[in-house]
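J.: I need the structure of the sequence given here:
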Amino acid sequence: MKLLKKIVGASLPNWLIATLVLVFILRIPSFFEPYAYGDEMIYLTLGEGIRQGLVLYRDIHDNKPPLLYVLAAIAGSVFWFRMILALWNIVYIVIFWQLTKRLFPKNLKAQKVATFVFALLSTIPLFEGQIANSEVFMIGLSVAAFLLLLAGKLNTQKILIAGALFSLATLFKIPAAFDLPVIIIIWLFKETFNIKGLLNTARKALPLAIGFATPILLTFAWYYFRGGLSQYISAAFAQNVGYLSSWRPDETQAPFLERNAPILIRGLIVLIVTVTLYLLRKKLSLTFTFATVWLVFTLFAATLSERPYPHYLMQTVPPLSLLVALLATSPKKEQVYSIIPLSLFAVVPFYFKFWYYSTSSYYNRFFEFATSKVTINDYLKNFDSNTPRDYEVAQFLTTITDRYDRIFVWGSTSTIYALAKRLPPIKYVADYHVKDFYSPETVLIDLAANPPKAVVVLSEADSFPQLNQFLKQNFIKIKTIQTAEIWYLQQSRGKIHQE
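T.: Purely as a prediction, here's the structure:
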């Protein structure tokens, strides 16, 4: 708590300390989750690649910017990944509280409501707050940037630092960049719409843009000198353009306007809301205007791909919390006005059919495990029916391979790579990476050129007849664990005994 006080320059009130304690308690079940969540398994596998000296994107692939994988490398395990997230969450809850003090300077009740809603929604499984996804990390950086920018008196240094914070958030995931225009719009709202007003806004936007560009350009320089710049730009930036329509593959050959009509309509909604708020700006408070503009931009960002993953909505949690506080505590007409953006938010999960994870079921599952009402094996199966098998396979692989030996898993899971802390001989760690960016034929060429010590074929994997033939010629099947076949490189079989 002393560290937090130093960061925010203020004593923490008792109600906030109680909120932080509650948040940590609510996160305790996440520390006992197994290696099962697919995306986390990819993050940890790429993190292991960093630990082994590989260059991200050139030597090992995924399509997010690098900071999440760097944190995964620091963590090294699900437990420490979740612990880093818990500490990160506590810090940015305090930062968000400071932001509420700026936005609700004379309304303690609003500060409490907004902070508590933010703390709860960024923690519980409703938006997958317990999982170490990019969104849960990046929102804290955006909140810190807005805290600087909404200070009483701005200077160039603050704006530069805020721009860098937005950039760091974007280096967790690209949609975070949609937070940055919000403050520029707020600056415009404060100016008269003429040349002088535009120039005043531009004078502040320039250092903001410089601050934003600098960390990203530094990563470009880093990957240039590591020989991976083109792969970095392609994977972390260019491939995310195709990602926008990836859930509407049947429309990829349609005309531009027809194919992109949904995203253009959403963009038009953002424009209409922004223009309406500008026209009414003298009748509305800064807090309401700021929260509403922030919400519509984050909703646009969260629906870019039209994918129904709940953690995408995590980006909307900060402005959503502010609007809930306005609804609950404002004595003015803005209490009624806040219903409009909140209703817009409520429509989105239903329209895009976002998946839903029960919070009560999540905690009940942990309670049954903690009180020994279920066995460890049954607890693991609650996450995925194949989780016990993946643990057993990974354990076996660690007995027949060394850390720097390569293994290859053909199947829908990266869990075995993450659990065994072994890497594949190709740059792709999931079979859908192979389908999207590679081909089975190229995989075989790479396996022949750089044969792994062991190969695991999972029963749920797509048919790959050429791989079966390759294995029979070059490997020997040494073990079957449930629905997983384990093959060992023939030239190395003296180390073990065939079943």
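J.: If you count neighbours, what's buried in the strand or helix carrying Leu16?
T.: Assigned by DSSP states H and E, Leu16 belongs to helix 14-31. For helix 14-31, the neighbour count (16 or more other C-beta atoms under 10 Å) marks 16, 19-20, 23, 26-27, 29-30 as buried. Glycine gets a C-beta too; all of them are placed from N, C-alpha and C.
J.: Now do the very next helix or strand once past it: distance to the chain's middle.
T.: Using DSSP H and E, the helix or strand that follows helix 14-31 towards the C-terminus is helix 38-51. The chain centroid and the centroid of helix 38-51 are separated by 13 Å under C-alpha atoms, centre = their mean, to the nearest Å.
J.: Counting by contacts, list what helix 38-51 packs against.
T.: Applying 3 or more C-beta pairs under 8 Å, 6 or more residues apart in numbering; DSSP states H and E, we find helix 38-51 packed against helix 67-75, helix 78-103, helix 415-420.
J.: which stretches of this protein form strands?
T.: 407-410, 454-458, 475-481, 484-489 (DSSP state E).
J.: To Trp294, which of these lies closest?
T.: strand 407-410 (41.7 Å; C-beta to C-beta).
J.: quick one: contacts of that closest one?
T.: 397, 401, 416-417, 420, 422-426, 431, 447, 452-458, 461, 464, 467 (C-beta atoms under 8 Å, 6 or more residues apart in numbering).
J.: partners of it in the sheet?
T.: Its sheet considered, strand 407-410 pairs with strand 454-458 (parallel) by DSSP bridges.
J.: Determine how far the partner strand lies from the middle of the whole chain.
T.: 29 Å.
J.: Now it - C-alpha only, PDB.
T.: Presented in PDB, the C-alpha positions along strand 454-458 are these (Å, rounded to 0.1, in the frame of the first residue of the first chain):
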ATOM      1  CA  ALA A 454       9.200 -36.000 -30.600                       C
ATOM      2  CA  VAL A 455       5.900 -35.600 -32.300                       C
ATOM      3  CA  VAL A 456       2.500 -35.600 -30.600                       C
ATOM      4  CA  VAL A 457      -0.600 -36.400 -32.700                       C
ATOM      5  CA  LEU A 458      -3.900 -35.600 -31.000                       C
END
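J.: any idea of the angle that strand forms with strand 484-489?
T.: Inter-element angle recorded for strand 454-458 and strand 484-489: 160 degrees (by axes from the mean of the first three to the mean of the last three C-alpha atoms, to 10 degrees).
J.: Now do strand 454-458, average pLDDT.
T.: The predicted model assigns strand 454-458 a mean pLDDT of 94.
J.: same thing with stretch 305-318?
T.: So the average pLDDT for stretch 305-318 ends up being 94.
J.: ok, now stretch 119-127?
T.: Rounded mean pLDDT across stretch 119-127 is 96.
J.: Alpha carbons of it, as CSV, please.
T.: Extracted in CSV, the C-alpha atoms of stretch 119-127 (Å, rounded to 0.1, in the frame of the first residue of the first chain):
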residue,chain,number,x,y,z
ALA,A,119,-12.8,-2.7,-10.0
LEU,A,120,-15.5,-5.4,-10.2
LEU,A,121,-15.9,-5.6,-14.0
SER,A,122,-12.1,-5.6,-14.6
THR,A,123,-11.8,-8.6,-12.2
ILE,A,124,-14.7,-11.1,-12.5
PRO,A,125,-15.2,-13.6,-15.4
LEU,A,126,-18.0,-11.6,-17.0
PHE,A,127,-15.5,-10.0,-19.4
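J.: contacts for that stretch?
T.: Outside stretch 119-127, the residues that touch it by C-beta under 8 Å, 6+ apart are 19-20, 22-23, 26-27, 89, 92-93, 96, 129-130, 135-136, 139, 310-311, 313-314, 317, 320-321, 356-359, 362.
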